[in-house]
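> this one's structure only:
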């Protein structure tokens, strides 16, 4: 949607003098180009495809150059912050596994954590809309299903997902209970 301070333009429309195309993809660069262009009270152009999907921005070249310089100057600091945040996520996930499944084999914990919270994987450990206890239950149960049952072999043999889940259901619940967790009600 076009706004007065952010008109939409097509990629091949004429570039305003003194402006630079900024492709979408790097959140730091696009966010800061947008912010600084607005602070400078300059128009920011949203470049869209013919079906109006955003492709990037057009902002003043001087602002883009300043943002790029800051991007490079702060790269290691931002990377450290990301590592800290990731370590905190992994730590809280691990602590919650131990709390909810106190008898879980210790060797399974790092495997579950690294698999569940892998970035850009769309896995349950990164789901911001599901509470941590539920994410841990889902991740541990997925680990049990794939590592401690015949689930994957059943799928490879041609069995459907729901049928395979039904077949391994008792073993999954039994293992979850052995580890100190709750059993689930539905496959």
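Happy to help now that I have it. Given the structure is predicted, the values throughout are model-derived calculations rather than measurements.

> tell me the buried residues in the top strand by length along the chain?
Taking DSSP state E as the criterion, the chain has its longest strand at strand 54-60. The neighbour-count check on strand 54-60 (16 or more other Cβ atoms under 10 Å) flags 55-60 as buried. Using the backbone N, CA and C atoms, a C-beta is placed for each residue, glycine as well.

> pull out the buried positions in stretch 164-172.
164-165, 168-169, 172.

> I'd like the next helix or strand past the top helix by length along the chain.
Criterion DSSP state H: the longest helix present in the chain is helix 75-100. Reading on from helix 75-100 to the C-terminus, the next helix or strand found by DSSP states H and E is helix 108-116.

> strand partners (parallel or antiparallel) of the longest strand of the chain?
Pairing partners of strand 54-60, with direction, according to DSSP bridges: strand 19-23 (antiparallel), strand 45-48 (antiparallel).

> could you list the buried residues of the helix or strand that comes right after that strand?
Of the helices and strands lying after strand 54-60 in sequence (DSSP H and E), the nearest is helix 61-73. By 16+ other Cβ under 10 Å, the buried positions in helix 61-73 come out as 63-64, 67-68.

> now stretch 95-115
Neighbour-count burial for stretch 95-115, with 16+ other Cβ under 10 Å as criterion, is recorded at 96-97, 100-101, 104, 108-109, 112-113, 115.

> residue 34: what secondary structure?
At residue 34 the chain is in helix, as set by DSSP: H, G, I helix; E, B strand; the rest coil.

> residue 58 is in contact with that one, correct?
No: between residue 34 and residue 58 there is no contact under Cβ atoms under 8 Å: 11.0 Å.

> anything in contact with each of these two?
residue 44 (Cβ atoms under 8 Å, 6 or more residues apart in numbering).

> the strands paired with strand 54-60: which one's closest to residue 76?
Residue 76 lies closest, by Cβ to Cβ, to one member of these: strand 19-23, at 22.4 Å.

> what's the angle from the closest one to helix 61-73?
Angle of strand 19-23 versus helix 61-73, following axes from the mean of the first three to the mean of the last three Cα atoms, to 10 degrees, is 40 degrees.

> which helices and strands sit right next to the host helix or strand of residue 168?
Using DSSP H and E, residue 168 sits in helix 161-178. With contacts taken as 3 or more Cβ pairs under 8 Å, 6 or more residues apart in numbering; DSSP states H and E, helix 161-178 sits against helix 132-147, helix 151-156.
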